[in-house]
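> Sequence and predicted structure below; questions after.
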Amino acid sequence: MQIILRQDVEKLGKMGEVVQVKAVYARNFLIPRGVAYAATKSNLARLAEDQRVLAHRGLKEKRVAGDLASKLEGFRVTVTALVGEEDRMFGSITSQDIAELLREKGMDVDRRKIHLEEPIRALGEYDVPIKLHSDVTATIRVEVVKETALES
């Protein structure tokens, strides 16, 4: 049975593709969950219109992501962290923390687009990639410094 995918399905295809699957899989899983719809003549015509709209929307999203990437490229953020003996940090710096710092600086970036392999747990400077679009990635510099505590 031929179906048209409404969203990306791992190991099957991307949104908008016409793929061949077993009829049972389509009728019992993909179509009821809204992941796909049957590839009838009218749906194929609708697919052509949807692809045109999606291509236009994709170009617009890529342009907006490119503009934001040009603002972010080379951007520096300084984070202060409490440290204990031998400059070991209490806790860690996560993508959520970086997103909040960027928001304070006027850059609205979703935390899920900030790609940290693991949270930052040591003082120093780090290059952090931000994937704004499938084709657009910006890199910012995050500097983690120790917080000076007032001793009494």
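Cool, got the structure. Just so you know, these numbers come straight off a predicted model, no measurement behind them. Residues are numbered from 1 along each chain as shown.

> And for residue 95, the neighbour number?
Residues lying near residue 95 (other Cβ atoms under 10 Å) number 19. All C-beta spots, glycine's among them, are computed from the backbone N, C-alpha and C.

> Quick one: residues contacting it.
111-112, 114-116 (Cβ atoms under 8 Å, 6 or more residues apart in numbering).

> Buried residues in stretch 142-149, which are they?
Buried residues in stretch 142-149, counted by 16 or more other Cβ atoms under 10 Å: 142, 144.

> what residues does that stretch touch?
Contacts of stretch 142-149 (Cβ under 8 Å, 6+ apart): 76-83, 87, 89, 93, 98, 120, 122-128.

> One more pass at 7 Å, please.
Residues outside stretch 142-149 that contact it (Cβ atoms under 7 Å, 6 or more residues apart in numbering) are 76-83, 87, 93, 98, 120, 123-126, 128.

> Equivalent analysis for stretch 107-126, please.
Stretch 107-126 has contacts (Cβ under 7 Å, 6+ apart) with 71-72, 83, 87, 89, 92-96, 98-99, 102, 128-132, 141-146.

> one more time with 6 Å, if that's ok
The contact list for stretch 107-126 (Cβ atoms under 6 Å, 6 or more residues apart in numbering) reads 87, 89, 92-96, 98-99, 102, 129-131, 142-144.

> For those residues, I'd like a selection string for PyMOL - just the buried members, please.
Of the contacts of stretch 107-126, the buried ones go into a single PyMOL selection, burial set by 16+ other Cβ under 10 Å:
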select buried, resi 89+93+95+98+99+102+130+142+144
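
> Now intersect the contacts of stretch 107-126 with the helices, please.
95-96, 98-99, 102 (DSSP state H).

> Return the list of helices and strands in contact with the strand or helix carrying residue 56.
Element membership of residue 56, judged by DSSP states H and E, is helix 41-72. Helix 41-72 is packed against strand 124-133, strand 136-146, with contacts defined by 3 or more Cβ pairs under 6 Å, 6 or more residues apart in numbering; DSSP states H and E.

> Thanks a lot, catch you later.
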